[in-house]
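Q: attaching a predicted model along with its sequence, questions to come.
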Amino acid sequence: MVNTIFDTVWRDISPFAVGFDRTFDALSIMANSKSQSVNYPPYNIRKVSDEKYTIELAVAGFDEEDIDVEVEGESLTISGNRPEDASEGLVHQGLASRSFIRKFVLSDDMEIKGAALSNGMLYIGMERFIPNIADLKRYL
């Protein structure tokens, strides 16, 4: 993995920061993926309420069976793999038909609630999980 500014900062403060290693790992992953990413497909992140968010991706031409939405740990991966259309008779190809992979790092308290494809847009609903105060532990 390529060293980023987050790796350098983490080495300097790690002796004093207990439990923040996952945060710096996430920042490092984001910095590395941003430097290697392209702008396809375009997306929005919309805050619906204090606890709810929606990721909106423009995926015109993709069907549900062409798209995978997966969560592994704190990593949300959205990938699309569309079969190549026959270019027979095509005079100009201005519509993108390439495969894609988009990755997002989720916070520990974020849950994916579902995904829906409508009119060429993929909507991924997320909700922040807020623990019940009654479930919190007191130590003193």
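A: Everything's here; your move.
Q: could you use CA atoms for every contact and neighbour count after this?
A: Fine.
Q: which residues touch the closest residue in space to Glu64 that isn't next to it in sequence?
A: If the residues on either side of it in the chain are set aside, Glu64 comes closest to Leu117, at 6.8 Å by C-alpha to C-alpha, 6 or more residues apart in numbering. Contacts for Leu117 (C-alpha atoms under 8 Å, 6 or more residues apart in numbering) come out as 63-64, 123.
Q: correct me, but Gly80 touches Ile67?
A: Yes - between Gly80 and Ile67 there is a contact under C-alpha atoms under 8 Å: 4.4 Å.
Q: the nearest residue to Ser99 once chain neighbours are set aside: neighbouring residues, count only.
A: Among residues not flanking Ser99 along the chain, Asn81 sits closest, at 4.6 Å (C-alpha to C-alpha, 6+ apart). Per other C-alpha atoms under 10 Å, the neighbour tally for Asn81 reads 16.
Q: re the thing from before, out of the contacts of Leu117, which end up buried?
A: Buried subset of the contacts of Leu117 (neighbour count, 16 or more other C-alpha atoms under 10 Å): Tyr123.
Q: residues of the helix or strand hosting Ala116 that come out buried?
A: In this structure, Ala116 sits in strand 110-118 according to DSSP states H and E. Residues of strand 110-118 classed as buried: 110-112, 117 (neighbour count, 16+ other C-alpha under 10 Å).
Q: with distance to Lys103 and pLDDT added, can I get the residues you listed in CSV?
A: Formatted as CSV, the buried residues of strand 110-118 follow (distance: C-alpha to C-alpha, whole Å; pLDDT from 0 to 100):
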residue, distance to Lys103, pLDDT
Met110, 15, 91
Glu111, 15, 93
Ile112, 14, 95
Leu117, 18, 97
